[in-house]
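> Give me a model of this one.
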Amino acid sequence: VEAYRVIRMKGEDFRRDDIDMTEKEIDALLKEHFPPLAHVGIKGDCWMGCDTGYTSDPAEIRVWRETDKVRNILRVHMERVSYPIQARIIAAMDRAYGFRSFGIDAGGNGKAVIQDLSGRDEYADLNDLEERLVSIDFGGATVIETRENGIEVKQATKELMTALLNNAARRQLGVWAKQDLEVEEQYASNSYVKNDRHVVYSKGHDHIIDADRCAWYAREWNRRLREIAGGFTEGEVVGPVEMSRRF
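Numbering: from 1, shown residues only. Reported below is the predicted structural model:
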């Protein structure tokens, strides 16, 4: 992918009192990482996914641009960057890229970022955030179909997100940048065990994959899932879910 970039940030890039940094100071710092729109003219064409982390785990952000294909154009890798700053980085990216929709893992780490983006006055300029920001519970279930008799068919959310990645690769709709070997390493080493009711995925070296899962789920939510009665729910999955044995 010709326009693909990897941006790396560390907590040391920001002052210790970063929570008190002004919006102007943050923007000035981010301009070092995000030069004036490197991808001019793509507002509204992009999806984003974020897997947050702080201490032992890094945070990963993945941006995908949709034209004839859905191409990964940017990865932001953050180590020990505080959650308030992660929220500001996501907001700065949304102002630049105008994401159609973006998904954030709503685990313990992600909740802090989601609450910041949804509740603080400094993000009031992010238009239609309640429609575009998708809070994703990896342990929940998603309604994927409502039958004529009113029965809702649910699929485990993490299985659904993984199936979306599988389908994007199989149909050659998604384009992963071959120059980013860290992405290939994570996909190649990821595995799972399947029993009668659940799929258990290997954990630890999968933050890029989880960010991709969030981006493709946000895309599916924007295109189809939010129109289905019931939407996102907590609960049991109805029936077994068939999955590809391979990513």
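> Can you tell me the SS state at the most centrally placed residue in the chain?
By C-alpha atoms, centre = their mean, the chain has its centre lying nearest to residue 49, at 1.5 Å. The local conformation at residue 49, judged by DSSP: H, G, I helix; E, B strand; the rest coil, is strand.
> Surely it is in contact with residue 70?
No - Residue 49 is beyond contact range of residue 70, at 11.8 Å (criterion: C-beta atoms under 8 Å). The C-beta positions use only the backbone N, C-alpha and C, and glycine is treated the same way.
> Are there residues contacting both of the two? Which ones?
Common neighbours of residue 49 and residue 70 are listed as residue 64 (criterion: C-beta atoms under 8 Å, 6 or more residues apart in numbering).
> pull the longest helix from the chain.
Counting by DSSP state H, the longest helix found in the chain is helix 207-223.
> other SSEs contacting it?
On a contact count with 3 or more C-beta pairs under 8 Å, 6 or more residues apart in numbering; DSSP states H and E, helix 207-223 meets strand 46-51, strand 59-66, strand 70-79, strand 101-105, strand 133-136, helix 157-170, helix 181-189.
> looking at the ones you listed, which is closest to residue 148?
Residue 148 sits nearest to helix 157-170 of all the helices and strands packed on helix 207-223, at 21.9 Å, using C-beta to C-beta.
> Output the closest one as PDB, restricted to C-alpha atoms.
Only the C-alpha atoms of helix 157-170 are listed here, as PDB (Å, rounded to 0.1, in the frame of the first residue of the first chain):
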ATOM      1  CA  THR A 157     -19.100 -10.400  18.900                       C
ATOM      2  CA  LYS A 158     -15.400 -11.400  18.800                       C
ATOM      3  CA  GLU A 159     -16.300 -14.300  16.500                       C
ATOM      4  CA  LEU A 160     -18.300 -11.900  14.200                       C
ATOM      5  CA  MET A 161     -15.300  -9.500  14.100                       C
ATOM      6  CA  THR A 162     -13.000 -12.300  13.200                       C
ATOM      7  CA  ALA A 163     -15.300 -13.600  10.500                       C
ATOM      8  CA  LEU A 164     -15.400 -10.100   9.000                       C
ATOM      9  CA  LEU A 165     -11.600 -10.200   8.700                       C
ATOM     10  CA  ASN A 166     -11.700 -13.700   7.300                       C
ATOM     11  CA  ASN A 167     -14.300 -12.600   4.700                       C
ATOM     12  CA  ALA A 168     -12.300  -9.500   3.800                       C
ATOM     13  CA  ALA A 169      -9.200 -11.500   3.100                       C
ATOM     14  CA  ARG A 170     -11.000 -14.400   1.300                       C
END
